[in-house]
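# next one to model:
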Amino acid sequence: MGLTLYGKMHKELINNGMFDTQAKKVMRKVMEEQKELIGGRWQDSASDYPEATVNTLWLSVKMSALEWINENAPQAWFKPMFE
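Modelled structure (predicted):
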């Protein structure tokens, strides 16, 4: 079993420059925003879903991350990675 959906999205946030603590805050925000759509599926293996589905989820996480950055770290060096 590979990464969970949560793990994959968290890893992508870090790969794009965020610290672990920042990525966790963004993921809490995303999980709250996506409660109706994803619910308890965050612990599902990402490999159980088509690549297009995971990529679409990443786009949603990326948009939420940019909102979080604009509110909490607008001068972050990694902001362009999310724009």
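
# next, count neighbours for Pro74.
Burial measure for Pro74: 8 neighbouring residues, criterion other CB atoms under 10 Å. C-betas here are computed from N, CA, C, even on glycine.

# tell me the predicted confidence for it.
At Pro74, the pLDDT value in this model is 97.

# residue ranges in the chain under the pLDDT threshold?
1 (pLDDT under 70).

# could you give the number of residues near Phe78?
If we define neighbours as other CB under 10 Å, then Phe78 has 16 of them.

# surely it is in contact with Met18?
Yes. Distance between Phe78 and Met18: 6.3 Å, which falls inside the contact criterion (CB atoms under 8 Å).

# so for the top helix by length along the chain, what gets flagged as buried?
As assigned by DSSP state H, the longest helix anywhere in the chain is helix 51-72. Applying a neighbour-count criterion of 16 or more other CB atoms under 10 Å, the buried positions in helix 51-72 are Val54, Leu57, Trp58, Val61, Lys62, Ser64, Ala65, Trp68, Ile69.

# quick one: the second one from Met31, how far?
So that's Leu57. If you measure Leu57 against Met31 using CB to CB, to the nearest Å, the figure is 12 Å.

# shared neighbours of these two, which are they?
By the contact definition CB atoms under 8 Å, 6 or more residues apart in numbering, Leu57 and Met31 are jointly contacted by Ile38.

# is Arg41 in contact with Tyr6, as I believe?
No. Between Arg41 and Tyr6 there is no contact, the gap being 9.3 Å when judged by CB under 8 Å.

# quick one, which of the two is more surrounded?
Here Arg41 and Tyr6 are compared on neighbour count by other CB under 10 Å; more neighbours surround Tyr6, at 17 against 14.

# is it correct that that one is in contact with Gln43?
Yes. Applying CB under 8 Å as the test, Tyr6 and Gln43 come out as touching, 6.5 Å apart.

# now the strand or helix carrying Lys29: buried residues?
Lys29 belongs to helix 20-33 when elements are defined using DSSP states H and E. Of the residues in helix 20-33, those scored as buried under the neighbour-count criterion (16+ other CB under 10 Å) are Gln22, Ala23, Lys25, Val26, Met27, Lys29, Val30, Met31.
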